[in-house]
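Visitor: predicted model, plus sequence, below.
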Amino acid sequence: MKKIYLDHVATNPLHPEVLDAMMPYFRENYGNPLSLYGPGFKAREAIESARESTASLINAKAKEIIFTASGAESNNFALKGIAYALQGKGKHIIVSKIEHHSVLNSARFLEKQGFVVTYLPVDNHGLVDPEAVRKAINKETILISIIHASPEIGTIQPIAEISKIAKEKGVLLHTDSVSSVGNIPVDVQELNVDLMTFAAHQFYGPKGAAALYVKEGTRIVPLIYGGIQEGGRRAGTENVPAIVGMGKAAEITKRDLQKRIDHIRPLRDSIISSTLKIDKVILTGHPEQRLPGHASFVVEYIEGEAMLLMLAAKGIYLASGSACSSKALKSSPVLISIGVPVHLAQGSVVFTLGEETTTEDITYFNETFPQVISRLREISPYSKGWEETEAPTCIAKK
Amino acid sequence: MSLAEAHQLDNSGIKFLNEPIKADSETDVIYMMCPMHLLTLDDKVKEIEKGQVLSILTDYDGALEDIPEWCNKTGNEFLGIYEDTDHYKFFIKKVKES
């Protein structure tokens, strides 16, 4: 049976060149990067070289990159580290309602520590209004954190516009770019952000390697004390093979990104146009301002889990909402935030394409998905009467 | 009472300044713990010329002893500490190549 992986926003396979680059650092060059002899020097050099490549991918300086173990860690570090560093100046933080849980839960944690958090709403396309950010800023505001691109609905936020407002008001801006770095060109100078989270496995690097970009001169309180690794800002013996892998993946991504985009965008467009021909299917997220390999829908009167399982049985792997919400069987806060009614939010499906996705894969998908929906609607308890219902007006249609 | 005041009362010989000195190079290790203040100091002193002054801003109390001691050991001149609200600014004059 064909195996078609359409869940690239969850993770990606390791690029073969990345694996080759990592292998020597498991057995041959196993030294501790802090050791003052040969194997240690080799590990240290490899980390610094990876830092250069990783920085280059987002047009940052090498010294502005702090390696971490995950996007979630980088997001926690950004929020808590800046909140603690600037609490003498103010205790107000602004985030959007569609942030990843690692941002939202860090914000909730900080609320318990006495910080005040504003959760900004988004429109039906999932966009944050920059003017709403301006209005939310007060004298106590020290940090704004807005996700760059939503993994659930694909919408890309106007970060450069928000950063203009943040700079004007003297407030730091962090963006969670886990879903954007590797999928679209991301340049920290153009976006003019102070902090940025990104993760290697989103661009064919290994899991367990991520980074937080911290603009030079920005003070941040470390999450983990105890060693001089990462300039004293993140203690702990480095995961050398993973960091080397992240550096290599960044180098390959910089080289191949436009080719990847040109390859997946028409395939993604084919999914959207084919799927929207099915009755009672709604595109979620922004119709144009979205990740190039991202297609997300709400299919009325069917559970996302049912579609996921039936498609998996046919060799097609996808997500239903975010990985976390999906597991917890909870309605996605992102979908609720863009106005999807609770009963329809259960019918969420997300397809994300990668460089190995082929035209044949998408042809097979486009043939299979309508059959799956049709079959599930036949056995759905809501099988009668849905044909006459009106589509919810609160969701943006293409 | 701040640690710096305690040191003054203790008559430990640490030089506190009433005004900051003009520095040729400045570095900031706020929120960094031991030994980052010394490693950064070592790196930054290498970057300046003999006779130039480096300032290092820290909130790490251990620096009150460590930085003057580092200057003694490396033969550089410790010019003094300017104490800000929550931070210490140390001034070091490069006397010899390290």
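Guide: Yep, it's here. Numbering: from 1, shown residues only, chains lettered A, B, ... in the order given.

Visitor: up against chain A, what does chain B have?
Guide: By Cβ under 8 Å from any Cβ of the partner chain, the residues of chain B that approach chain A are B:D28, B:V29, B:I30, B:Y31, B:M32, B:M33, B:P35, B:M36, B:L39, B:D86. To be clear about C-beta, it is placed using only N, CA and C from the backbone, and glycine gets the same treatment.

Visitor: confirm the fifth one sits in a strand?
Guide: No - using DSSP: H, G, I helix; E, B strand; the rest coil, the secondary structure at B:M32 is coil, not a strand.

Visitor: distance check, it against A:A60.
Guide: Per Cβ to Cβ, to the nearest Å, B:M32 is found 20 Å from A:A60.

Visitor: next one: the third one
Guide: Shown here: B:I30 relative to A:A60, a distance of 21 Å by Cβ to Cβ.

Visitor: the closest residue to chain A within chain B: what's it in contact with?
Guide: Proximity to chain A, evaluated over chain B using Cβ to the nearest Cβ, is greatest for B:M36 at 3.6 Å. By Cβ atoms under 8 Å, 6 or more residues apart in numbering or on different chains, the residues touching B:M36 are A:I228, A:G231, A:G232, B:V29.

Visitor: A:P121 now?
Guide: Shown in contact with A:P121 (Cβ under 8 Å, 6+ apart): A:S96, A:K97, A:A132, A:S337.

Visitor: that older thread, more neighbours, B:I30 and A:A60?
Guide: Per other Cβ atoms under 10 Å in any protein chain shown, whichever of B:I30 and A:A60 has more neighbours is A:A60, with 21 against 15.

Visitor: how about that one, phi and psi?
Guide: Phi and psi for A:A60, reported as degrees, to the nearest 10, are phi -110, psi 170.

Visitor: cool, and the one 3 residues further on?
Guide: For A:K63, the backbone dihedrals are phi -70, psi -10 (criterion: degrees, to the nearest 10).

Visitor: apart from its neighbours in sequence, what residue is nearest it?
Guide: Spatial nearest neighbour of A:K63, excluding adjacent residues (Cβ to Cβ, 6 or more residues apart in numbering or on different chains): A:E216 at 6.6 Å.

Visitor: top of the contacts of B:M36 by neighbour count?
Guide: Within the contacts of B:M36, most neighbours by other Cβ under 10 Å means B:V29, with 24 neighbours.

Visitor: let me know whether that residue touches B:H37 as I believe.
Guide: Yes - B:V29 is within contact range of B:H37, at 5.1 Å (criterion: Cβ atoms under 8 Å).

Visitor: can you check which residues contact both of these two?
Guide: Common neighbours of B:V29 and B:H37 (Cβ under 8 Å, 6+ apart) are B:I56, B:T58, B:Y60.

Visitor: so where do the helices sit in chain B?
Guide: For chain B, the helices defined by DSSP state H occupy B:3-9, B:36-47, B:63-74.

Visitor: just put the ones you listed in CSV and tack on mean pLDDT and distance to A:S180.
Guide: Shown next, in CSV, are the helices of chain B (pLDDT from 0 to 100; distance: least, Cβ to Cβ, whole Å):
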stretch, mean pLDDT, distance to A:S180
helix B:3-9, 52, 45
helix B:36-47, 94, 32
helix B:63-74, 93, 40
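
Visitor: of all those, which one is nearest A:Y317?
Guide: For the helices of chain B, the distance to A:Y317 is smallest for helix B:36-47, at 45.1 Å, taking Cβ to Cβ.

Visitor: list the buried ones in the closest one?
Guide: B:M36, B:H37, B:L38, B:T40, B:L41, B:K44, B:V45 (16 or more other Cβ atoms under 10 Å in any protein chain shown).

Visitor: wait, what's in contact with A:E251?
Guide: Per Cβ under 8 Å, 6+ apart, neighbours of A:E251: A:S53, A:S56, A:L57.

Visitor: what do you get if the cut-off is 10 Å, keeping everything else the same?
Guide: The contact partners of A:E251, by Cβ atoms under 10 Å, 6 or more residues apart in numbering or on different chains, come to A:E17, A:V18, A:A21, A:S49, A:A50, A:E52, A:S53, A:T54, A:S56, A:L57.

Visitor: just send these back as CSV, with secondary structure and distance to A:K112 too.
Guide: CSV is the format used below for these (DSSP: H, G, I helix; E, B strand; the rest coil; distance: Cβ to Cβ, whole Å):
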residue, secondary structure, distance to A:K112
A:E17, helix, 45
A:V18, helix, 40
A:A21, helix, 42
A:S49, helix, 41
A:A50, helix, 36
A:E52, helix, 39
A:S53, helix, 39
A:T54, helix, 33
A:S56, helix, 39
A:L57, helix, 35
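
Visitor: what subset of these is buried?
Guide: A:V18, A:A21, A:S49, A:A50, A:S53, A:T54, A:S56, A:L57.

Visitor: wait, A:A21 touches A:A50, no?
Guide: Yes - taking contacts as Cβ atoms under 10 Å, A:A21 lies within contact range of A:A50: 9.0 Å.

Visitor: who touches both of those two?
Guide: Residues touching both A:A21 and A:A50 comprise A:G205, A:V244, A:G245, A:M246, A:G247, A:K248, A:A249, A:E251, with contact defined as Cβ under 10 Å, 6+ apart.

Visitor: nearest to A:N32, of those?
Guide: A:V244 (14.5 Å).

Visitor: residue contacts, the closest one?
Guide: A:V244 is in contact with A:18, A:21-26, A:29, A:43, A:46-47, A:49-50, A:53, A:205-206, A:209, A:238, counting by Cβ under 10 Å, 6+ apart.

Visitor: which element is it on?
Guide: Taking DSSP states H and E as the criterion, A:V244 maps to helix A:240-275.

Visitor: any buried residues in that helix, and which?
Guide: Quick answer for helix A:240-275 (16+ other Cβ under 10 Å): A:240-254, A:256-257, A:260-261, A:263-264, A:267-268, A:270-272, A:274-275.

Visitor: domain-wise, how is chain A divided?
Guide: For chain A, the structural domains run A:4-10+A:257-388, A:16-253, going by automatic domain parsing.

Visitor: ok so, going back, could you single out the nearest of the residues of chain B next to chain A to A:I220?
Guide: B:Y31 (6.8 Å).

Visitor: and the residue nearest to A:D187 when sequence neighbours are not counted, how far is that from A:M196?
Guide: Distances taken as Cβ to Cβ, 6+ apart put A:N59 closest to A:D187, at 4.4 Å, once the chain neighbours are dropped. Distance, A:N59 to A:M196, using Cβ to Cβ: 11 Å.

Visitor: shared neighbours of those two, anything?
Guide: A:V186, A:V188, A:Y213.

Visitor: related to what we said a few turns ago, which of the contacts of A:V244 are buried? Put it as a ChimeraX command.
Guide: Here is the ChimeraX selection string for the buried members of the contacts of A:V244, based on 16+ other Cβ under 10 Å:
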select /A:18,21,22,25,29,43,46,47,49,50,53,205,206,209,238
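
Visitor: ramachandran coordinates for the closest residue to B:M32 other than its chain neighbours?
Guide: Distances taken as Cβ to Cβ, 6+ apart put A:G232 closest to B:M32, at 4.4 Å, once the chain neighbours are dropped. The phi and psi values for A:G232, taken as degrees, to the nearest 10, are phi 80, psi 0.

Visitor: which one of A:N59 and A:M196 has more residues nearby?
Guide: Ranked by neighbour count (other Cβ under 10 Å), A:N59 and A:M196 place A:M196 first, with 29 against 15.
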